[in-house]
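Q: what follows is a predicted protein model with its sequence.
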Amino acid sequence: MRKVAFLVTAILMGAGVVQSAGVHVGMPAAARSKGMLLESVSSPSMPTGPAGLHEKESGTFGTGSAVSIRGHEVEYRFDWGDGTYSSWSPGTHVTHGWTSAGTYTVKAQARCRTHPGAVSSWSSGLSESIAAETLSAPTTATGPVGGRPGQSYAYSTGGASSSSGHPVEYRFDWGDGSFSSWSASTGASHIWTSVETYRVKAQARCQRDAGAVSDWSSALPVGIFSTGYMVLISAGSFPMGDSFFSNAPVHGVYLDAYYIDEYEVTFDRYDAFCFSTGRTQPSDAGFGRGARPAINITWHDAKAYCEWAGKRLPTEAEWERAYRAGTDTAFYWGPDPGYTLMGNYAWYLSNSGSQTQPVGGKFPNAFGLYDMSGNVWEWVNDWYDSGYYAVSPSSNPLGPALGIEKILRGGSWNYSADNLRSAYRGYDSPGISYIGFGCRCAGTP
């Protein structure tokens, strides 16, 4: 019996399958009961690899040091902790990336290449924290803050970055329910079709991972109005003033060419200014906003608005020449001593319905300007001085250097017909706002 057992041992050893420890491979039960162990493989070292990876970013991980008790070659695989494994390979390094953020335990295992059933236990685990890729929000869009329906306007953004260093692309929310296409370009153009104030925002995303999207940028208010045009007033001379008190004397004035708004500044335009600058919107006194002239604004407000819009307040002389439109009569439609024609051209005390009216509702003057008479008083740039006309320069007068009140022109919805004359001068403190005070802007070619 001992000879038989010795013979079995000799045969098994000759076959190279007897081991001192490990996993048994093809060992007959009788042989195992005699303490004859087969091929085994030691556990590999704990994996090493990069820290701080982001989702969908790959890194290379390594292991090694596993040994076959019989000196056979070994191969390795990795458990990535996400339900996937690498393929068995004699190489000790493998690249892997995770699709979702989280903390994963990476382990390695080895096996004998000669006897694949001889598999080691798993190594100690490497804790790998995978961060979600984040993108910083792009800068606030830049571009025109006002325009007209049907026109194309260009906007740009930028400044977004990926936490993984990946390239980014951008899109715009135009505020009207439409978006630009994603593009690596930082600019895009858009056409609005309706009169409204829109809020244009920009967003970024990773070019490699469309699911990694930034927050929206802060909004740029853009006013699309039917009242955005300016009229070019050519260089020339005109008779300024009349024979009444501070409007006297009549004196010739030459002005270089300039632009002036076709319409009084409307609430939709002024509200866009308030959104953009963080100003408090003035009360509309219950009259309504939109295409009605902005009211309850001070001279300082009017000046700030015009400068924000890339314009300026007109001088008093510029305003009066624009009003007269080549005439030298009391009103730009003629003398009208009985005010019988006034209702065709102006909103004033007798026909306004005790409120402002949407701009452009009456006939324009010969320069194509609306509401130069009535609707709202319009702030101009000049200080008021009752004696200034007597000493005014004859070319491009700018008004007194100092003063207490600023000049208002044109009359308003709650004033009588006499206040709507071409030369009539109103005035008030530049810090005063009122339900009949508004403005229109000018520009230099």
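A: Perfect, thanks for sending it.
Q: where do the helices of the chain begin and end?
A: Listed in chain order, the helices of the chain (DSSP state H) span 2-14, 29-33, 267-277, 299-308, 316-324.
Q: worst mean pLDDT among those helices?
A: With a mean of 36, helix 2-14 has the lowest mean pLDDT of the helices of the chain.
Q: on the pLDDT front, check Gly71 for me.
A: Value for Gly71, per-residue pLDDT: 94.
Q: what does Cys439 give?
A: So, for Cys439, pLDDT stands at 98.
Q: give me the neighbour count for the closest residue to it other than its chain neighbours.
A: Spatial nearest neighbour of Cys439, chain neighbours left out: Ala302 (3.7 Å); criterion: C-beta to C-beta, 6 or more residues apart in numbering. Bear in mind the C-beta positions are built from the backbone N, C-alpha and C, glycine included. Residues within reach of Ala302, counting by other C-beta atoms under 10 Å, total 27.
Q: with the one 4 residues further on instead?
A: Residues near Cys306, counting by other C-beta under 10 Å, number 23.
Q: cool, and Asp328?
A: By the criterion of other C-beta under 10 Å, Asp328 has 11 neighbours.
Q: burial count for the nearest residue to it once chain neighbours are set aside?
A: Take Asp328 and drop its neighbours on the chain: the residue closest to it by C-beta to C-beta, 6+ apart is Pro239, 5.2 Å away. Neighbour count for Pro239, taken as other C-beta under 10 Å: 16.
Q: name whatever forms a beta bridge with Pro239.
A: When bridges are called by DSSP bridges, Pro239 pairs up with Gly252.
Q: give the contact list for the residue nearest to Cys439.
A: Contacts for Ala302 (C-beta atoms under 8 Å, 6 or more residues apart in numbering) come out as Val265, Leu313, Trp379, Gly438, Cys439.
Q: just the buried members of the residues you listed?
A: Val265, Leu313, Trp379, Gly438, Cys439 (16 or more other C-beta atoms under 10 Å).
Q: hang on, the last one packs against Ala304?
A: This means Cys439. No. Cys439 is not in contact with Ala304 according to C-beta atoms under 8 Å; the separation is 10.4 Å.
Q: show me how this protein divides into domains.
A: According to automatic domain parsing, the chain comprises the domains 2-33, 58-130, 146-224, 230-443.
Q: span of the third one from start to end?
A: Using C-alpha to C-alpha, to the nearest Å, one end of domain 146-224 lies 6 Å from the other.
Q: so for that domain, mean pLDDT?
A: Taken as a whole, domain 146-224 carries a mean pLDDT of 92.
Q: what ranges do the strands span in the stretch 101-250 of the chain?
A: 102-112, 126-130, 146-147, 152-156, 168-173, 187-191, 196-206, 220-224, 230-233, 236-240 (DSSP state E, counting those that start in this stretch).
Q: whoops, I mixed them up, the stretch 301-445 of the chain
A: So, for the stretch 301-445 of the chain - with DSSP E, counting those that start in this stretch - the strands run 377-383, 406-409, 426-428, 437-439, 442-443.
Q: Glu128 is nearest to which of these?
A: Relative to Glu128, the nearest member of the strands of the stretch 301-445 of the chain by C-beta to C-beta is strand 442-443, separated by 62.2 Å.
Q: just how off-centre is the closest one within its chain?
A: Strand 442-443 has its C-alpha centroid displaced from the chain centroid by 28 Å (C-alpha atoms, centre = their mean, to the nearest Å).
Q: quick one: list the elements packing against it.
A: Applying 3 or more C-beta pairs under 8 Å, 6 or more residues apart in numbering; DSSP states H and E, we find strand 442-443 packed against strand 258-261.
Q: give me the helices and strands touching the strand it packs on, please.
A: strand 230-233, helix 316-324, strand 442-443.
Q: put the alpha carbons of that strand into CSV.
A: The C-alpha trace of strand 258-261 is given here as CSV (Å, rounded to 0.1, in the frame of the first residue of the first chain):
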residue,chain,number,x,y,z
TYR,A,258,-26.1,115.8,-35.2
TYR,A,259,-28.5,112.9,-34.6
ILE,A,260,-31.6,113.0,-32.5
ASP,A,261,-34.1,110.2,-31.5
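Q: ok so, going back, most neighbours per residue, which of the helices and strands packed on strand 258-261?
A: helix 316-324 (a mean of 24; mean count of other C-beta atoms under 10 Å).
Q: list the contacts of Val74.
A: For Val74, the contact set (C-beta under 8 Å, 6+ apart) comprises Val41, Ala66, Val67, Ser68, Pro90, Ala110, Arg111, Cys112, Arg113.
Q: would you reformat those as JSON lines and include pLDDT?
A: Output for the contacts of Val74, formatted as JSON lines (pLDDT from 0 to 100):
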{"residue": "Val41", "pLDDT": "97"}
{"residue": "Ala66", "pLDDT": "97"}
{"residue": "Val67", "pLDDT": "97"}
{"residue": "Ser68", "pLDDT": "95"}
{"residue": "Pro90", "pLDDT": "96"}
{"residue": "Ala110", "pLDDT": "98"}
{"residue": "Arg111", "pLDDT": "97"}
{"residue": "Cys112", "pLDDT": "97"}
{"residue": "Arg113", "pLDDT": "96"}
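Q: which of those count as buried?
A: Val41, Ala66, Ser68, Ala110, Arg111, Cys112.
Q: nearest residue to the first one other than its sequence neighbours?
A: This points to Val41. Ser120 is the one closest to Val41 (C-beta to C-beta, 6+ apart), at 4.3 Å.
Q: ok, that neighbour - contacts?
A: Neighbouring residues of Ser120 by C-beta under 8 Å, 6+ apart: Ser40, Val41, Ser42, Ser43, Pro44, Ala66, Gln109, Ala110, Arg111.
Q: again, but for Lys56
A: Counted by C-beta under 8 Å, 6+ apart, Lys56 has contacts Gly97, Trp98, Thr99, Glu133, Ser164, Arg208, Asp209, Ala212.
Q: how about a cut-off of 7 Å?
A: For Lys56, the contacting residues are Gly97, Thr99, Glu133, Arg208, Asp209, by C-beta atoms under 7 Å, 6 or more residues apart in numbering.
Q: can I have the buried ones of these as a ChimeraX selection?
A: Burial among the contacts of Lys56 is assessed by 16+ other C-beta under 10 Å; the matching ChimeraX selection reads:
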select :133,209
